[in-house]
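Trainee: Dropping a prediction and its sequence here:
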Amino acid sequence: MLSTEQAWALLAQAELVYSREQVAAAIARVAEEITARLGSRHPVLLSVMGGAVVFTGQLLPLLRFPLEFDYVHASRYGRGTQGQELIWKVLPSESVKGRVVLVLDDILDEGRTLAAILDKLRELGAAEVYTAVLTEKETGRPKPIEADFVGLKLPNRFVFGCGMDVHGAWRNLPEIYALKQN
Ligand SMILES: O=P(O)(O)OC[C@H]1O[C@H](OP(=O)(O)OP(=O)(O)O)[C@H](O)[C@@H]1O
Ligand SMILES: Nc1nc2[nH]cnc2c(=O)[nH]1
């Protein structure tokens, strides 16, 4: 775990990538796009814990149509900055069978997390699966999946804030920052 001083030092050295106003505007636009596409489909919204918690909390009140809410918990970065194997902590519930599902996540980076979640949902018999991400990192490399709804594009840097942690800290920030490069 970072010490309190280390957490503040990381923030002081970081670069602001998007302000809270830019994040809010992106979420409002994504909400309109989701409403236009899925507003009559009574979807199950599946939030990927823990990173999607801020995106989910801001998006849901902007969606004025019938939906159900559920979550999965999967992680492959832990407290680090490099992705490893995906570890499932909470699997999708079988109630996704036959349903239109919209998966919500904070970031599409290499795409391995969302690809594994989509595989699992299809295995469980979801009728249609869509994905909405608050951010997508421009990695310059091919990804196994493309998101249907994307809030903000990110540079190829490790970022934090808006649900995304840096060594376990700062998920709570309303802005998005890039960690200082060594
Ligand atoms: O596209 P990928 O390279 O697979 O990375 C994206 C995933 O990484 C983060 O999760 P993380 O494993 O850090 O867990 P967390 O949500 O608990 O922070 C994020 O929330 C995404 O789910
Ligand atoms: N916090 C955080 N989590 C990630 N998961 C995949 N990429 C990132 C990133 O840049 N920051």
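Mentor: Sure, I can see it. Ligands and ions are numbered 1, 2, ... in the order given.

Trainee: Spell out which parts of this protein neighbour ligand 1.
Mentor: 48, 50-51, 75-77, 83, 105-113, 165 (CB under 6 Å from any ligand atom). Yep, even glycine has a C-beta here, placed from its N, CA and C like the rest.

Trainee: Which ones among the residues you listed map onto strands?
Mentor: Within these, residues falling in strands by DSSP state E are 48, 75, 105, 106, 107, 108.

Trainee: hmm, which two among the residues you listed are most spread apart?
Mentor: 75 and 108 (15.1 Å; CB to CB).

Trainee: who's more crowded, these two?
Mentor: A direct count of neighbours by other CB atoms under 10 Å for residue 75 and residue 108 places residue 108 higher, at 24 against 17.

Trainee: Please verify my assumption that that one contacts residue 139.
Mentor: No: using CB atoms under 8 Å, residue 108 is not in contact with residue 139, being 9.4 Å away.

Trainee: on that earlier part again, give me the buried subset of the residues of the chain next to ligand 1.
Mentor: 48, 50-51, 75-77, 105-109, 111-113, 165 (16 or more other CB atoms under 10 Å).

Trainee: Name the nearest of those relative to residue 1.
Mentor: residue 165 (11.1 Å).

Trainee: The residue nearest to that closest one when sequence neighbours are not counted and residue 1, how far apart?
Mentor: Among residues not flanking residue 165 along the chain, residue 171 sits closest, at 4.8 Å (CB to CB, 6 or more residues apart in numbering). According to CB to CB, to the nearest Å, residue 171 and residue 1 sit 13 Å apart.

Trainee: Among these two, which residue is more densely surrounded?
Mentor: residue 171 (17 against 9).

Trainee: so what pLDDT did that one get?
Mentor: Looking at residue 171, its pLDDT reads 97.

Trainee: thought it was touching residue 57?
Mentor: No: with contact defined as CB under 8 Å, residue 171 does not reach residue 57; the gap is 11.6 Å.

Trainee: Please identify the helix or strand for the spatially closest residue to residue 166 that is not a sequence neighbour.
Mentor: Using CB to CB, 6+ apart and skipping the chain neighbours, the partner closest in space to residue 166 is residue 160 (3.9 Å). Residue 160 belongs to strand 159-160 when assigned by DSSP states H and E.
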